[in-house]
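Student: sequence and predicted structure below; questions after.
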Amino acid sequence: MAEFVDGQYFPEGYAVPDPNDALSRGFWEAAREGRLVVQQCRDCATVQHPPEVLCHACHSFDLGWKEVSGRATIYSFTRTVHPANDLLRERGPYNVVLLQLDDHPEVRMLGNVLDADEEGALAIGMPLRVVFERTAVDPDVGEIVQPRWRLAEPESG
Amino acid sequence: MGENAARSIRDKVCVVGVGESEYGRHGSIARPEFQLAIEAILAACNDAGLDPRRLNGFASYANDRNDAIRIATALGVEQTAFNNMHWGGGGGGVAGAVANAAAAIIAGYADYVVVYRALAQGQFRRFGQASVTGRSRGQDMWRLAAGLLTPPQRFALPIRRYMYEYGVTSAQLGLIAVASYKHAQHNPRAIMNGRPITIEDHQNSRMIADPLRLYDCCQETDGAAAVILTTPERARDLRRPLVYLAGAAQGAGYREGAMSDNRPDYTTAAFSDVARRLYASAGMGPEEIDVAQIYENFTGLVLMAMEDFGLCGRGEAGRWVEGGRIEHQAVADTGAPHAGALPINTSGGNLAEAYTHGFELMVEATRQLNGTATLPVEGARTSLLVSGPGVAPASALILHN
């Protein structure tokens, strides 16, 4: 059962993804339903992220979406201390993780781990699970839901 | 081999002059960026002993704002026969732009080509700041959604992974900064001249994007730099001793431009393919390099680039830079066991001289071979320039005298 969260990781006014973006629309539609998906080639089954115009392996344009478990592992991370702008200065330090999907370790995604902004909270190899942040409801494009992550217990078995 | 030799650029082009504008911290120079570009070009022509009106080719990179025809018009050059912009990759274009200019000379398009980069972060945007509002789309959306806005934030990720895989420490990163600052104390042009740092200063400097501290990051400055290329025949009529282009390579390997940090060889500086082609082009190997200028966007990527170029083994750079190995003999600590083995960034580079998007490193690579360096490496015959670690496309070249 997907977990939805209402608090926003970044402050009001920070850029939000356009869910109608031509290449990634299916990703954001799935996120609204609490599903994490990656682009998959219908011809050769190659998985790629971020979504691209064509399959980089076989050059097929016939691309679909594959739902993944939403479990992942921290591959690298940073804690940004020096703010890039005034909005983020007010917010304070935040984390950015590069994660490997457990179902498809060949695919890396950028993300943020909730409740883990303090120094020393994160380490490479820590398990994560996806949650879905209800970032905004935009009068033009509708609901904007973004995957974020929580530290998870290691999966047994 | 025969075909490769015929197609090689080796010894067909010389660097005959180098120059720069005044360098200053961002916002400290009131003159517009375009004027700084012109000042650097005139300085390079003066260094060469060449009338600027005889320049007839122009090359740059990273979408330099000061386009060739505007410069040609301002200088009143007699003819503009080559205009070239190297695609993308930010500082990855330094050697690439020089190589493009060399190719134009060999092809006969132009006789005297100036390669330049002007970057005034005071007049224009600071690279370390980014305002992000509205809706994000396309390729940028993924980085922005996760809050990766500035280069140190972005490159913290591969550097962290590299440090993790090979047990590299922050203090080893700091040795890159200390070497640059030590070298800058001999360079009156360097912005950090008169402001030396120790490894303790590096370790105590404030965190920017963990693991990158303030002194791990390149400066945000105002300045411009330029070099002039021509044929060896024409070079003999000019002022400086001959410095030849031995080889050059640009580009990337398989999927090295994959977005959202999906490039396959994540703990390299993305030079594996470029390094191989560079050494093939120059007909030499890493053991023949006497002095190197390695683009310091961030200290960690310098270590990763050293490994890509075979200056040390994979995963060994952190230990390799200890013991004064990358410091000029004259600045290494007394008794340092490897002092001066392979000095890098001998003018202070991006960290301590100025950040002309790395072009000051091309200027220094040349000066090391024509007797005009502020901290000359004695007996240097070959000079390596590495541009844009961690970006794609990137580039590199080797000079010799």
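Tutor: Ah, there it is.
Student: hey, let's count contacts and neighbours off CA atoms from now on
Tutor: Fine.
Student: show me where chain A has its helices.
Tutor: With DSSP state H as the criterion, chain A has helices at A:25-32, A:86-91.
Student: so for the shortest one, mean pLDDT?
Tutor: Going back to what we said before, that points to helix A:86-91. Helix A:86-91 carries an average pLDDT of 94.
Student: ok, now stretch B:332-344?
Tutor: Stretch B:332-344 comes out at a mean pLDDT of 97.
Student: swap in stretch B:208-225?
Tutor: Confidence over stretch B:208-225 (mean pLDDT, whole number) is 97.
Student: just the C-alpha atoms of that stretch, please, in PDB.
Tutor: The C-alpha coordinates for stretch B:208-225 follow below in PDB (Å, rounded to 0.1, in the frame of the first residue of the first chain):
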ATOM      1  CA  ILE B 208      29.300  23.500   0.800                       C
ATOM      2  CA  ALA B 209      27.800  20.200  -0.300                       C
ATOM      3  CA  ASP B 210      29.100  17.300   1.800                       C
ATOM      4  CA  PRO B 211      31.800  16.000   1.100                       C
ATOM      5  CA  LEU B 212      32.900  19.200  -0.700                       C
ATOM      6  CA  ARG B 213      34.200  22.100   1.500                       C
ATOM      7  CA  LEU B 214      34.800  25.600   0.400                       C
ATOM      8  CA  TYR B 215      38.400  25.000  -0.700                       C
ATOM      9  CA  ASP B 216      37.400  21.900  -2.700                       C
ATOM     10  CA  CYS B 217      35.500  24.200  -5.100                       C
ATOM     11  CA  CYS B 218      36.700  26.400  -7.900                       C
ATOM     12  CA  GLN B 219      36.400  30.200  -7.500                       C
ATOM     13  CA  GLU B 220      33.700  32.500  -9.000                       C
ATOM     14  CA  THR B 221      35.700  35.200 -10.700                       C
ATOM     15  CA  ASP B 222      35.900  37.800 -13.500                       C
ATOM     16  CA  GLY B 223      38.500  37.300 -16.200                       C
ATOM     17  CA  ALA B 224      39.400  36.200 -19.700                       C
ATOM     18  CA  ALA B 225      42.300  34.300 -21.200                       C
END
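Student: now check that stretch, is it near chain A?
Tutor: Yes - for stretch B:208-225 and chain A, the contact criterion (C-alpha under 8 Å from any C-alpha of the partner chain) is met by B:208-211.
Student: return the most buried member of the helices of chain A.
Tutor: Among those, judged by mean count of other C-alpha atoms under 10 Å in any protein chain shown, the one packed with the most neighbours on average is helix A:25-32 (a mean of 20).
Student: so how far is stretch B:129-149 off the chain centroid?
Tutor: 27 Å (C-alpha atoms, centre = their mean, to the nearest Å).
Student: so which bits of chain A are right by chain B?
Tutor: A:13-18, A:21-23, A:49-50, A:75-85, A:96-98, A:107-112.
Student: need the helices of chain A in JSON lines with distance to residue B:191, can you?
Tutor: JSON lines is the format used below for those (distance: least, C-alpha to C-alpha, whole Å):
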{"stretch": "helix A:25-32", "distance to residue B:191": "47"}
{"stretch": "helix A:86-91", "distance to residue B:191": "27"}
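Student: return the per-residue confidence for the spatially most central residue of chain B.
Tutor: Residue closest to the mean C-alpha point of chain B, counted by C-alpha atoms, centre = their mean, is residue B:358 at 3.5 Å. pLDDT for residue B:358: 97.
Student: try residue A:153
Tutor: 85.
Student: what do you get for the one 3 residues further on?
Tutor: Residue-level confidence at residue A:156 comes out at 60, pLDDT.
Student: do residue B:134 as well
Tutor: On pLDDT, residue B:134 comes in at 86.
Student: isn't it right up against residue A:16?
Tutor: Yes - assessed by C-alpha atoms under 8 Å, residue B:134 is found in contact with residue A:16 at 6.5 Å.
Student: so for the two, which residue has more residues nearby?
Tutor: Set side by side, residue B:134 and residue A:16 show more neighbours around residue A:16, with 23 against 11, by other C-alpha atoms under 10 Å in any protein chain shown.
Student: contacting residues around that one?
Tutor: Residues near residue A:16 by C-alpha atoms under 8 Å, 6 or more residues apart in numbering or on different chains: A:135, A:144, B:133-136, B:145.
Student: scan those residues and report the most crowded one.
Tutor: Neighbour counts for the contacts of residue A:16 peak at residue B:145, which has 25 neighbours (criterion: other C-alpha under 10 Å).
Student: correct me, but residue B:277 touches residue B:251?
Tutor: No - counting by C-alpha under 8 Å, residue B:251 is not a contact partner of residue B:277; they are 9.8 Å apart.
Student: who's more crowded, those two?
Tutor: residue B:251 (21 against 18).
Student: quick check on the residues of chain A next to chain B: which are buried?
Tutor: A:14-18, A:21, A:23, A:49-50, A:75-84, A:96-98, A:107-112 (16 or more other C-alpha atoms under 10 Å in any protein chain shown).
Student: hmm, back to that, so which of the contacts of residue A:16 belong to strands?
Tutor: When DSSP state E defines the strands, the subset of those inside them is A:135, A:144, B:135-136.
Student: find the nearest non-adjacent residue to residue A:60, please.
Tutor: The spatial neighbour of residue A:60 that comes closest, neighbours along the chain excluded (C-alpha to C-alpha, 6 or more residues apart in numbering or on different chains), is residue A:54 at 5.7 Å.
Student: now the one you found: how far from chain B?
Tutor: Going from residue A:54 to chain B by C-alpha to the nearest C-alpha, to the nearest Å gives 13 Å.
Student: do you know the pLDDT at that residue?
Tutor: Here the pLDDT value assigned to residue A:54 is 98.
Student: thought it was touching residue A:61?
Tutor: Yes - with contact defined as C-alpha under 8 Å, residue A:54 and residue A:61 form a contacting pair (4.7 Å).
Student: for the nearest residue to residue B:357 once chain neighbours are set aside, helix, strand, or coil?
Tutor: With C-alpha to C-alpha, 6+ apart as the criterion, residue B:357 has its nearest non-adjacent residue at 5.2 Å, and that residue is residue B:91. Following DSSP: H, G, I helix; E, B strand; the rest coil, the label given to residue B:91 is helix.
Student: count the neighbours of residue B:91 for me.
Tutor: Other residues close to residue B:91 by other C-alpha under 10 Å number 29.
Student: quick one: contacts for residue A:116?
Tutor: The contact partners of residue A:116, by C-alpha under 8 Å, 6+ apart, come to A:95, A:122.
Student: for chain B, what lies in contact range of chain A?
Tutor: So chain B meets chain A at B:128-139, B:141-150, B:153, B:156-158, B:160-161, B:207-211, B:259-262 (C-alpha under 8 Å from any C-alpha).
Student: gap between residue B:223 and residue A:130?
Tutor: Distance from residue B:223 to residue A:130, counting by C-alpha to C-alpha, to the nearest Å: 46 Å.
Student: please say which of those two ends up with more neighbours.
Tutor: Higher neighbour count among residue B:223 and residue A:130: residue B:223, with 32 against 25, using other C-alpha under 10 Å.
Student: assumed residue B:197 was part of a helix.
Tutor: No - assigned with three-state DSSP, residue B:197 falls outside any helix and is coil.
Student: burial count for the closest residue to residue B:62 other than its chain neighbours?
Tutor: In this structure, residue B:62 finds its nearest non-sequential neighbour in residue B:90, 4.8 Å apart by C-alpha to C-alpha, 6+ apart. A total of 20 residues lie near residue B:90 under the criterion other C-alpha under 10 Å.
Student: quick one: residues contacting residue B:90.
Tutor: Contact analysis of residue B:90 by C-alpha under 8 Å, 6+ apart lists B:61-62, B:357, B:388, B:391.
Student: lovely, talk soon.
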